[in-house]
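Engineer: Sharing a model that was predicted from the sequence below.
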Amino acid sequence: MLFALSFMLFFFSLVPIIMALWVGAILMDAVGLALVIVAFLNLNASRKHQEKVAEEMEKAAEHMQKAAEESLVKIKCRYCGAINDRSALKCESCGATL
């Protein structure tokens, strides 16, 4: 939107140039240039915000994955005391049947 406004200002600054009103043309061009600078700053801020949101979502996904792994039920071997996954049929340490 800001780029469109700045383009319009640059285009319509031709009218004061044709009418030999250089002050008006210079003012319109200065405002158009300021709008272009603001638009580029806005694009840069938007890109940084998107990167930050993507990073936070990645951290949240890792946290959820870690929480899911920690919430799995573990079975303690009655012979050696090793902790095994719930789906294990035999102890990973001593080989005893769970």
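Structural biologist: Sure thing, it's come through. Source: prediction; values computed, not measured. Numbers count the residues shown, from 1 in each chain.

Engineer: Do me a favour and average the pLDDT over the helix ranked longest in the chain.
Structural biologist: Longest helix in the chain, counting residues (DSSP state H): helix 22-70. Mean pLDDT, helix 22-70: 89.

Engineer: Can you name the element that comes right after that helix?
Structural biologist: Heading C-terminal from helix 22-70, the first helix or strand you meet, by DSSP states H and E, is strand 74-76.

Engineer: List of residues touching that next one?
Structural biologist: 82-86, 88, 98 (Cβ atoms under 8 Å, 6 or more residues apart in numbering). Using the backbone N, CA and C atoms, a C-beta is placed for each residue, glycine as well.

Engineer: what's around Cys94, how many residues?
Structural biologist: Number of residues near Cys94 (other Cβ atoms under 10 Å) recorded here: 11.

Engineer: Touching, it and Tyr79? I think so.
Structural biologist: Yes - here Cys94 reaches Tyr79: they are 5.6 Å apart, a contact under Cβ atoms under 8 Å.

Engineer: ok, Trp22 to Leu33 distance?
Structural biologist: For Trp22, the distance to Leu33 equals 16 Å [Cβ to Cβ, to the nearest Å].

Engineer: Neighbour count: these two, which is higher?
Structural biologist: Leu33 (13 against 10).

Engineer: Share the number of residues neighbouring Val38, please.
Structural biologist: Applying other Cβ under 10 Å, I find that Val38 has 13 neighbouring residues.
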